[in-house]
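Trainee: fold the following, please.
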Amino acid sequence: MSRVARRVRRRPLSGFKACRNCHLIVPDDTVQCPNCGSVDFTSEWRGLVIVIDPERSCIAKELKLTKPGMYAIEVS
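Mentor: Numbering: from 1, shown residues only. Here you go, the predicted structure:
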């Protein structure tokens, strides 16, 4: 049996957008990023990581995240 890998395009969380500067995910009605102050957002993002304790998280250190929050892995 041969399996063909298909790329599935999934929509990001409905009602949320990502900051293009710091990748923080915020509700759609947010005007300014509470993390970095940017006003440049996109609804085109992929992947999600939730950081609770950035000081102890090896993933947060790898992604250079210093504040707790929900972050997009890839932002367009």
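Trainee: C-alpha from now on. contacts and neighbour counts both.
Mentor: Will do.
Trainee: tally of neighbours for the closest residue to Cys36 other than its chain neighbours?
Mentor: Counting by Cα to Cα, 6 or more residues apart in numbering, Cys22 is the residue found nearest to Cys36 once chain neighbours are left out, at 6.7 Å. If you count neighbours by other Cα atoms under 10 Å, Cys22 ends up with 18.
Trainee: Cys22 and Asn35 touch, don't they?
Mentor: Yes. Contact criterion Cα atoms under 8 Å: Cys22 and Asn35 qualify, at 7.5 Å.
Trainee: which parts of the helix or strand containing Ile50 are buried?
Mentor: Applying DSSP states H and E as the criterion places Ile50 in strand 45-51. Buried residues in strand 45-51, counted by 16 or more other Cα atoms under 10 Å: 45-46, 48, 51.
Trainee: next: stretch 16-35.
Mentor: 16-20, 22-26, 33, 35.
Trainee: format these as JSON lines; extra columns: distance to Tyr71, secondary structure and pLDDT.
Mentor: Compiled in JSON lines, the buried residues of stretch 16-35 are given as follows (distance: Cα to Cα, whole Å; DSSP: H, G, I helix; E, B strand; the rest coil; pLDDT from 0 to 100):
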{"residue": "Phe16", "distance to Tyr71": "11", "secondary structure": "strand", "pLDDT": "95"}
{"residue": "Lys17", "distance to Tyr71": "10", "secondary structure": "strand", "pLDDT": "96"}
{"residue": "Ala18", "distance to Tyr71": "8", "secondary structure": "strand", "pLDDT": "96"}
{"residue": "Cys19", "distance to Tyr71": "9", "secondary structure": "strand", "pLDDT": "97"}
{"residue": "Arg20", "distance to Tyr71": "11", "secondary structure": "coil", "pLDDT": "97"}
{"residue": "Cys22", "distance to Tyr71": "8", "secondary structure": "coil", "pLDDT": "96"}
{"residue": "His23", "distance to Tyr71": "5", "secondary structure": "coil", "pLDDT": "96"}
{"residue": "Leu24", "distance to Tyr71": "4", "secondary structure": "strand", "pLDDT": "97"}
{"residue": "Ile25", "distance to Tyr71": "5", "secondary structure": "strand", "pLDDT": "97"}
{"residue": "Val26", "distance to Tyr71": "9", "secondary structure": "strand", "pLDDT": "97"}
{"residue": "Cys33", "distance to Tyr71": "12", "secondary structure": "coil", "pLDDT": "97"}
{"residue": "Asn35", "distance to Tyr71": "11", "secondary structure": "coil", "pLDDT": "95"}
